[in-house]
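In: sharing a model prediction with you, sequence too.
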Amino acid sequence: MSAEKNTQEILTDFEVRSLDTVCINESTQQHPWWYNFKYLAVGILFGIVFVKAEIISWFRMQEMFRFQSFHMYGVIGTAVVVGAISIALIKKFKVKTIHGEEIHFTPKKFNKGQIIGGLIFGLGWALTGACPGPIFAQIGMGITVMIVVLLSAIAGTWVYGYFRDRLPH
């Protein structure tokens with residue numbers, strides 16, 4: 001009985017750890033620290049697009065959650081379609097990263113924790129008017145109260161990481 005329970009714990013731990021694809025998709029190449037400036041540049045451009053498209057607007061978020069406007073649904077729907085097409089093209093043409101590494105897509109198993117997490121995420125999004133990406137653009141626009149939202153998001157991520165092994169996966 002003890003050996004069977006121990007085996008079950010190991011299998012459960014493997015199942016939980018297999019949800020982490022960062023180990024699979026993480027680059028093995030080492031680059032100088034200044035290579036990260038390209039991500040900063042893309043992030044700034046992305047933030048400008050968010051501001052100009054009114055994606056970071058709290059009022060646009062409220063319109064979406066109240067089903068009063070198609071604006072945000074159009075943006076999200078377009079992102080999903082572009083993402084799906086991009087993944088299909090990457091798989092079909094075996095596209096490599098900018099540094100020549102092969103791109104792997106790891107299938108994910110559905111579990112009830114995704115529903116619970118999605119509901120918590122959506123509630124936070126509806127209450128604060130921000131999901132993780134636009135928080136930085138909102139802070140950059142001078143909406144300093146969003147610093148509280150950013151710190152709360154970081155705290156929530158830490159709490160999840162702390163309790164992760166005990167949560168339903």
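Out: Nice, I can see it. Numbers count the residues shown, from 1 in each chain.

In: any idea which helix or strand comes after the helix or strand containing residue 133?
Out: Residue 133 belongs to helix 132-140 when elements are defined using DSSP states H and E. Per DSSP H and E, the first helix or strand lying C-terminal to helix 132-140 is helix 146-163.

In: against residue 154, how distant is the residue nearest to the spatial centre of the chain?
Out: Of all residues in the chain, the one closest to the mean position by Cα atoms, centre = their mean is residue 132, 7.6 Å from it. Residue 132 sits 10 Å away from residue 154, going by Cβ to Cβ, to the nearest Å. For the C-beta atoms, the positions are set from N, CA and C on the backbone; glycine is no exception.

In: circling back: what angle do the helix holding residue 133 and helix 146-163 make?
Out: 150 degrees (axes from the mean of the first three to the mean of the last three Cα atoms, to 10 degrees).

In: against which helices or strands is helix 132-140 packed?
Out: helix 37-52, helix 146-163 (3 or more Cβ pairs under 8 Å, 6 or more residues apart in numbering; DSSP states H and E).

In: tabulate these in JSON lines, adding columns for mean pLDDT and distance to residue 74.
Out: Below are these laid out as JSON lines (pLDDT from 0 to 100; distance: least, Cβ to Cβ, whole Å):
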{"stretch": "helix 37-52", "mean pLDDT": "91", "distance to residue 74": "14"}
{"stretch": "helix 146-163", "mean pLDDT": "92", "distance to residue 74": "24"}
